[in-house]
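J.: return atomic coordinates for the entry below.
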Amino acid sequence: MFSKKMRTRGMAASVAVLALGLAACSSGGGDGDDTATEGGDSGDLIKVGFSQLGAESGWRTANTESVKASLTEENGIDLTFVDAQQKQENQIKALRDFIDQGVDVIAFSPVVETGWDEVLQEIKDAEIPVVLVDRTVDTTVEDPYVTWIGADFKQEGITAGEWVAANKPDAKIFELQGTLGSGAQVDREAGFDETVGAD
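T.: Numbers count the residues shown, from 1 in each chain. Take a look at the predicted model:
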């Protein structure tokens, strides 16, 4: 049985998911500032803590701008945004700060897949719903998030591998992987290797 607090936060998570989904589909806006706190009088606003993994690429910068443009007071959201600067320890600190601030929803794009068990359990114990954005986690915590907004990274790797197999079957391949250990890197590599082989 869910507590009243968890049901209320579940509704808040639904609104945040909708706003984050719109952010994922939009081209973005905002000023590109790496850290920001939005909001003044937040009595009726849904308090969302969002930790971005960093500014690793133009896509990630556009994603940040979209989040800031979508999660606004006008849309019923009081956003606290933290840039983790591509360091897991910064992101874990931000997540714990969000717990202390009593946000209604925590959303984040995990820097890497593993190493989240302790903080995810703390968030779960605080009955704060988690929304994963773009990347996934590998954790022993049961039901660590309410939803994930992202692409099928393994299928992306399979699609790339199928193209190589059909168009350049004898090619020597040099693979750019991005952040090692991230959900995107792990799954894309698995899909690509499954299609063209790991050799």
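J.: how about the strands in the chain?
T.: Using DSSP state E, the strands of the chain run over residues 36-37, 46-52, 77-83, 105-108, 130-133, 147-149.
J.: got JSON lines for those, with distance to residue 116 too?
T.: For glycine as for every other residue, the C-beta is placed from the backbone atoms N, C-alpha and C. Below are these laid out as JSON lines (distance: least, C-beta to C-beta, whole Å):
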{"stretch": "strand 36-37", "distance to residue 116": "24"}
{"stretch": "strand 46-52", "distance to residue 116": "12"}
{"stretch": "strand 77-83", "distance to residue 116": "16"}
{"stretch": "strand 105-108", "distance to residue 116": "9"}
{"stretch": "strand 130-133", "distance to residue 116": "10"}
{"stretch": "strand 147-149", "distance to residue 116": "13"}
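J.: make CSV out of those strands and add mean pLDDT, distance to residue 180 and mean neighbour count.
T.: Output for the strands of the chain, formatted as CSV (pLDDT from 0 to 100; distance: least, C-beta to C-beta, whole Å; neighbours: other C-beta atoms under 10 Å):
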stretch, mean pLDDT, distance to residue 180, mean neighbour count
strand 36-37, 42, 29, 13
strand 46-52, 95, 19, 25
strand 77-83, 95, 20, 23
strand 105-108, 95, 19, 28
strand 130-133, 93, 19, 22
strand 147-149, 88, 21, 16
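J.: tell me the domain ranges of the protein?
T.: Using automatic domain parsing, the domain ranges for the chain come out as 4-149, 153-196.
J.: residue 110 is in contact with residue 135, isn't it?
T.: Yes: assessed by C-beta atoms under 8 Å, residue 110 is found in contact with residue 135 at 4.9 Å.
J.: give me the more crowded residue out of the two.
T.: Comparing residue 110 with residue 135 by other C-beta atoms under 10 Å, the one with more neighbours is residue 110, at 27 against 23.
J.: any idea how far residue 130 is from that one?
T.: Distance of residue 110 to residue 130, computed by C-beta to C-beta, to the nearest Å: 10 Å.
J.: nearest to residue 167, out of the strands of the chain?
T.: strand 147-149 (31.5 Å; C-beta to C-beta).
J.: elements contacting that closest one?
T.: In terms of contacts (3 or more C-beta pairs under 8 Å, 6 or more residues apart in numbering; DSSP states H and E), strand 147-149 is packed against helix 4-25, strand 130-133.
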